[in-house]
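Undergrad: sequence-free structure coming up:
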């Protein structure tokens, strides 16, 4: 089995690539969803966060008070680094459990889907990484259509993230998505098949 990292800015088409992988028998893990689940269910992670930033960052129902935590780490690079170190460590541990589960299920591949894949340390779990990128104009159109937001807000969302070149320079492969959906699906399918066939070849040779 191979672990594939899928990353790139919002609106570029990561979901399409993940759907292609699923159709080919693989599975995927949404790293952002894992983070939110751990905030609610991981007692060890909650304990570490409370111990470092104060019990008041969680409400009486165990939900994170994002504004309170944000007020603590905003403008404090050391505090932000500590926050990331705590959360990333627990996220990576959970990702390892899910990767093991996918392997036990006999999956040919599992994809880790995360915008911050490379920064969080999750990228080190991947044998290959794929940057899914697109022009800012294409991304803005897709964000507007997907979320029903104004062009101004969509452009602000796009501008707040790292440029496509940042992902392309750091990943093993790049899938550029500036055209129509069907053409992109075809490109994505070809790349995923190529990655899977290489893994199968190495496993046979090994």
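TA: Arrived safely. Everything numeric in this text was worked out from a predicted model, so none of it was measured.
Undergrad: and residue 131, which of the three is it?
TA: At residue 131 the chain is in strand, as set by DSSP: H, G, I helix; E, B strand; the rest coil.
Undergrad: who touches it in this structure?
TA: Residue 131 is in contact with 7, 8, 164, 167, 168, 170, 171, 173, 174, 175, counting by C-beta atoms under 8 Å, 6 or more residues apart in numbering. C-beta coordinates here come from the backbone N, C-alpha and C atoms, glycine included.
Undergrad: so where's this structure shaky on pLDDT?
TA: In the prediction, the chain carries residues with pLDDT under 70 at positions 199-206.
Undergrad: For it, which segments count as helices?
TA: Per DSSP state H, the chain carries helices over the ranges 14-23, 31-41, 43-53, 66-73, 77-104, 117-120, 136-147, 151-159, 164-170, 181-205.
Undergrad: which residues does the spatially most central residue of the chain contact?
TA: Nearest to the mean C-alpha position of the chain, by C-alpha atoms, centre = their mean, lies residue 114 at 0.7 Å. Applying C-beta under 8 Å, 6+ apart to residue 114 gives the contacts 5, 6, 7, 30, 31, 32, 120, 122.
Undergrad: before we move on, back to that, pull out the buried residues from the contacts of residue 131.
TA: Using 16 or more other C-beta atoms under 10 Å as the burial test, these include 7, 8, 164, 167, 168, 171, 174, 175 as buried.
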